[in-house]
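A.B. asks: Have a look; sequence and predicted model below, questions after that.
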Amino acid sequence: MKLWSESSAVNKLSPSFVQKRSISLLTTFKVIDNSTLGQRTRKNRKPYLIGFYRKRKTADPGDVIRVAIAGKTCKALVIGTRKTKHHTVPRCDNNTIVLVDDNLAPLGTRIKGPVPTIIRRRQDKYSKVLALASRFI
């Protein structure tokens with residue numbers, strides 16, 4: 001009969017163990033706009049989360065976060081997540097973002113993926129991003 005072992009605890013607590021289904025620090029994303037920084041992700045490392053703009057250290061759809069992409073830091077709007085908190089928000093296969101500038105205007109001119117309707121509720125804040133979206137779910 002095998003009881004709790006140290007080796008299994010060390011593997012779960014090591015820095016290389018990253019949860020794939022929650023958005024916390026060092027989570028990787030897929031960029032769904034056609035900005036020049038977003039196009040560089042196909043050649044370089046995927047963008048990953050390095051900071052938040054609120055006290056809670058998790059991100060949900062509609063939150064603005066700080067990501068590292070192609071050796072630079074940039075603001076991004078979280079569009080879709082693999083794990084949702086509410087049953088009314090649709091799940092995505094990947095964690096997706098849209099790169100934005102300091103005024104929350106998108107860096108690209110087109111959004112390739114669908115945008116959840118929960119972001120439509122914040123239309124006053126993200127109106128420029130919503131104007132580029134062609135599909136809503």
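C.D. replies: Noted; the coordinates are in hand. A quick note: this is a predicted structure, and the numbers were derived from the prediction, not measured. Residues are numbered from 1 along each chain as shown.

A.B. asks: shaky segments in the protein?
C.D. replies: 1-22, 84-90 (pLDDT under 70).

A.B. asks: repeat that with 90
C.D. replies: Along the chain, segments meeting pLDDT under 90 span 1-25, 27, 34-46, 53-63, 69-72, 80-94, 108, 111-137.

A.B. asks: For it, which segments are assigned as helices?
C.D. replies: Ranges of helices within the chain are 6-13, 36-40, 127-132, based on DSSP state H.

A.B. asks: For the strand ranked longest in the chain, which strands pair with it and how are they oriented?
C.D. replies: For the chain, the strand with the greatest residue count under DSSP state E is strand 72-80. Sheet neighbours of strand 72-80, with direction, are listed as strand 64-69 (antiparallel), strand 96-100 (antiparallel) (DSSP bridges).

A.B. asks: Ok, which of the ones you listed comes nearest Arg135?
C.D. replies: Closest approach to Arg135 among the strands paired with strand 72-80 (CB to CB): strand 96-100, 12.6 Å. Placement of C-beta: from N, CA and C, glycine included.

A.B. asks: mind listing what's buried in that closest one?
C.D. replies: 96-100 (16 or more other CB atoms under 10 Å).

A.B. asks: now these in JSON lines, with distance to Lys43?
C.D. replies: Shown next, in JSON lines, are the buried residues of strand 96-100 (distance: CB to CB, whole Å):
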{"residue": "Thr96", "distance to Lys43": "19"}
{"residue": "Ile97", "distance to Lys43": "18"}
{"residue": "Val98", "distance to Lys43": "20"}
{"residue": "Leu99", "distance to Lys43": "16"}
{"residue": "Val100", "distance to Lys43": "22"}
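
A.B. asks: Between the residues you listed, which sits nearest Lys72?
C.D. replies: Leu99 (10.3 Å).

A.B. asks: surely that closest one meets Thr109?
C.D. replies: No. Using CB atoms under 8 Å, Leu99 is not in contact with Thr109; the gap is 11.8 Å.
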